[in-house]
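Q: no letters, just coordinates:
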């Protein structure tokens, strides 16, 4: 397991975002997020650590979540020494959102609460095809590639919609209304809310899966919204000029 690290060039980092890339668990790399991650560094004054987790089918579950957990534990233990901050958050995109959720659950079970929140975009939360939402993607290749020989895909470590979710940090969920995973994200939001987790669900109309990866006005609005949310969690605070007192 390796990570790619992006840091501000002219200032210390106000916080650190641990990013888990997309690719259906069998494609992609940390390097593929370089442009997006560099934009976040410049916009928010943060460092971004991106995880190069092992890919399926050569390395099926639990290889990817094991690697992501290792990266989160490393960052939680070394953030102050390496980046000079304790302000930490996570973000994931599609398969990366599934891995972010799994990592948060694993950290909670370890008693580690170092991350103040997470952004999850268009995640897959039922890989078992046992729910109506999950059955919509039952024939997708990535399900079998990622789960491998697992005998029960309702295992919460594979399908986090079945997990005990109490005690997780605030989560921003971003989904397009035309995404095949729309119902899956609604179901996950309901489960999180029922567990008492602070959830901010933002639905974007007429938007397909992974819409924020494309240069559209809707994507721009969504990314700006994500920036604002992350700024509140770990980014720099905008200093407004002091108001003059009138006499």
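A: All right, it came through fine. Source: prediction; values computed, not measured.
Q: this protein: strands as residue ranges?
A: For the chain, the strands defined by DSSP state E occupy 2-6, 16-20, 47-52, 88-93, 115-121, 171-176, 199-204.
Q: which one of these lies nearest to residue 142?
A: Nearest to residue 142, of all the strands of the chain, is strand 88-93, at 14.0 Å by Cβ to Cβ. (Glycine included, C-beta is placed from N, CA and C.)
Q: save the strands of the chain as JSON lines, and put in mean pLDDT and mean neighbour count too.
A: Below are those laid out as JSON lines (pLDDT from 0 to 100; neighbours: other Cβ atoms under 10 Å):
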{"stretch": "strand 2-6", "mean pLDDT": "97", "mean neighbour count": "16"}
{"stretch": "strand 16-20", "mean pLDDT": "98", "mean neighbour count": "28"}
{"stretch": "strand 47-52", "mean pLDDT": "98", "mean neighbour count": "25"}
{"stretch": "strand 88-93", "mean pLDDT": "98", "mean neighbour count": "27"}
{"stretch": "strand 115-121", "mean pLDDT": "98", "mean neighbour count": "24"}
{"stretch": "strand 171-176", "mean pLDDT": "98", "mean neighbour count": "24"}
{"stretch": "strand 199-204", "mean pLDDT": "98", "mean neighbour count": "16"}
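Q: what about those, which gets the closest to residue 81?
A: strand 16-20 (11.9 Å).
Q: distance from the chain centre to the closest one, please.
A: Put simply, strand 16-20 sits 8 Å off its chain's centre (Cα atoms, centre = their mean, to the nearest Å).
Q: can you lay out the strands of the chain as TSV showing distance to residue 186?
A: TSV is the format used below for those (distance: least, Cβ to Cβ, whole Å):
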stretch	distance to residue 186
strand 2-6	32
strand 16-20	22
strand 47-52	27
strand 88-93	18
strand 115-121	13
strand 171-176	8
strand 199-204	8
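Q: so who does residue 103 touch?
A: 20, 65, 68-69, 72, 90 (Cβ atoms under 8 Å, 6 or more residues apart in numbering).
Q: just give the nearest non-adjacent residue to residue 221, would you?
A: residue 204 (7.4 Å; Cβ to Cβ, 6 or more residues apart in numbering).
Q: thinking the one you found is in contact with residue 223, fair?
A: No: at 10.8 Å, residue 204 does not count as touching residue 223 under the criterion of Cβ atoms under 8 Å.
Q: how about residue 43: what's its closest non-neighbour residue?
A: According to Cβ to Cβ, 6+ apart, the nearest residue to residue 43 is residue 227 (5.6 Å).
Q: so which residues make contact with the longest helix anywhere in the chain?
A: When the chain is parsed with DSSP state H, its longest helix is helix 63-83. Identification of contacts with helix 63-83 by Cβ under 8 Å, 6+ apart yields 1, 3, 7, 12-13, 16, 18, 20, 25, 47, 49, 51-56, 85-86, 88, 90, 99-100, 102-103, 106-107, 110, 112, 114-115, 146, 157.
Q: same thing with stretch 180-190?
A: Residues outside stretch 180-190 that contact it (Cβ under 8 Å, 6+ apart): 101, 122-126, 131-134, 136-137, 160-161, 173, 175-176, 179, 199, 201, 203, 209.
Q: would you confirm that residue 174 contacts residue 212?
A: Yes: counting by Cβ under 8 Å, residue 174 touches residue 212, with 7.0 Å between them.
Q: which residues do these two both contact?
A: 121, 222, 226.
Q: which one of these is nearest residue 41?
A: residue 226 (14.2 Å).
Q: please report the distance of the residue lying closest to the closest one once chain neighbours are set aside from residue 112.
A: Among residues not flanking residue 226 along the chain, residue 119 sits closest, at 5.6 Å (Cβ to Cβ, 6+ apart). According to Cβ to Cβ, to the nearest Å, residue 119 and residue 112 sit 19 Å apart.
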